[in-house]
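> Generate a structure from the sequence data that follows.
(one chain, ligands or ions: 2)
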Amino acid sequence: MNFPLFIDLKDKKVLIVGAGAIAARRATVLVEFGAKVTVVAPEEGRGAWTNHVAELKSSAAARGAVSAQSAKIAEGKSPWECQTIQVRELAQTGRLVWKQHAFCEQDLEELEQSFLVIAATSDPAVNDYIARLCHERHIPVNHAGDQGQCDFQFPAIVRKNPVVIGVNAGGKDHGLVKRVAAGLREWLEGVL
Ligand SMILES: C[C@@]1(CC(=O)O)C2=NC(=C\c3[nH]c(c(CCC(=O)O)c3CC(=O)O)Cc3[nH]c(c(CC(=O)O)c3CCC(=O)O)/C=C3\N/C(=C\2)[C@@H](CCC(=O)O)[C@]3(C)CC(=O)O)/[C@H]1CCC(=O)O
Ligand SMILES: NC(=O)c1ccc[n+]([C@@H]2O[C@H](COP(=O)([O-])OP(=O)(O)OC[C@H]3O[C@@H](n4cnc5c(N)ncnc54)[C@H](O)[C@@H]3O)[C@@H](O)[C@H]2O)c1
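Residues are numbered from 1 along each chain as shown. Ligands and ions are numbered 1, 2, ... in the order given. Below you'll find the model as predicted:
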């Protein structure tokens, strides 16, 4: 069972390696909490994010909705599904710095200055390598493809100022986490 530590991320450097769906989901949340995020990746991902965007578009078109986002919100989808912002847009609007190349030696300094690191590339060997670099330097790392190499996990976040709730199931059931968070969001609306 993981301990829910509530960390002040304001102006702390976070390095995310990879720019796919997972990286975008994490970057969106971290930026919102004030972290100074740098992404290192040659291009945006073509994995889950591409499917997600295609699904958003077809669902919006089917409903004749004004925007894909509003269609999803109307369907009661979770915030990550509605609100995740792509890495390119976060970079273009100055909310993070995107170093557009594959992770290499010149990024070591960035890694060493980071408070947290997220290894979320589609290449397991690169993720393993980043996790190892972090473990050797005692920098907390989240490895998107292997929970055994993670020092911390991402919770589902429920928040209404000033309350923040993080939901986690020890990495055993993200579907359960999503359902619990959805229930808590509804409940929090009623009590605050
Ligand atoms: C809470 C949330 C936060 C977030 O990620 O932003 C979260 N996952 C969310 C969504 C989500 N995750 C996945 C999909 C399917 C589509 C997709 O691929 O994107 C979706 C989307 C959906 O379900 O709609 C697939 C998935 N997830 C993990 C694996 C690997 C594995 O299980 O090993 C796989 C692939 C294997 C599989 O498909 O089973 C692992 C993790 N997911 C975690 C958190 C961590 C601990 C969770 C726990 O405590 O159990 C951990 C360990 C990551 C970590 O932190 O290291 C967020 C809901 C936010 C919300 O609703 O507000
Ligand atoms: N934890 C979770 O919730 C979860 C869910 C699904 C998948 N995963 C894992 O997360 C990984 C990423 O998933 P995704 O859907 O975001 O992938 P994706 O394919 O959409 O994106 C991969 C990203 O990695 C980048 N990349 C590849 N090689 C790189 C390198 N050498 N240096 C820097 N960047 C590099 C690509 O440019 C791209 O931006 C998957 O491979 C899988 O292991 C985790």
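> show me where this structure has helices.
Per DSSP state H, the chain carries helices over the ranges 21-32, 48-63, 68-74, 79-83, 87-92, 108-112, 124-137, 174-191.
> which secondary structure elements does the first one contact?
It stands for helix 21-32. Packing partners of helix 21-32 (3 or more Cβ pairs under 8 Å, 6 or more residues apart in numbering; DSSP states H and E): strand 13-17, strand 36-40, helix 48-63, helix 79-83, helix 87-92. For every residue, glycine as well, the C-beta is placed using N, CA and C.
> Find the least confident helix or strand in the protein, judged by mean pLDDT.
In the chain, no helix or strand scores lower on mean pLDDT, DSSP states H and E than helix 68-74, which sits at a mean of 49.
> so what's the residue lying closest to Ala156 once chain neighbours are set aside up against?
In this structure, Ala156 finds its nearest non-sequential neighbour in Ala181, 3.6 Å apart by Cβ to Cβ, 6 or more residues apart in numbering. Neighbour list for Ala181: 78, 156-158, 165, 167 [criterion: Cβ atoms under 8 Å, 6 or more residues apart in numbering].
> if we can go back for a sec, among the helices of the chain, show the one with the smallest mean pLDDT.
Looking at the helices of the chain, the lowest mean pLDDT belongs to helix 68-74 (a mean of 49).
> mind checking how far the residue sitting nearest the centre point of the chain is from Tyr129?
Centroid-nearest residue in the chain: Arg26, 1.1 Å away (criterion: Cα atoms, centre = their mean). Separation of Arg26 from Tyr129 (Cβ to Cβ, to the nearest Å): 19 Å.
> Same question for Ile16.
15 Å.
> For the two, indicate the residue with more neighbours.
Comparing Ile16 with Tyr129 by other Cβ atoms under 10 Å, the one with more neighbours is Ile16, at 29 against 15.
> got the contact list for the more buried one?
Each residue near Ile16 by Cβ under 8 Å, 6+ apart is listed here: 23, 26-27, 30, 37-40, 117-118, 120.
> Name the residues of the chain found near ligand 2, please.
17-23, 40-49, 102-103, 120-123, 126, 144-145 (Cβ under 6 Å from any ligand atom).
> how about the residues of this structure near ligand 1?
21, 25, 48, 78-80, 142, 147, 150, 153-156, 168-175, 177-178, 181.
> Filter the residues you listed down to the buried ones.
For the residues of the chain next to ligand 1, a neighbour count by 16 or more other Cβ atoms under 10 Å gives the buried set as 21, 25, 78-80, 142, 150, 154-156, 168-169, 177-178, 181.
> contacting residues around the residue lying closest to Lys99 once chain neighbours are set aside?
Ranked by Cβ to Cβ, 6+ apart and with sequence neighbours excluded, the top spatial neighbour of Lys99 is Val40, at 4.7 Å. Contacts for Val40 (Cβ under 8 Å, 6+ apart) come out as 15-17, 98-99, 101-103, 107, 110.
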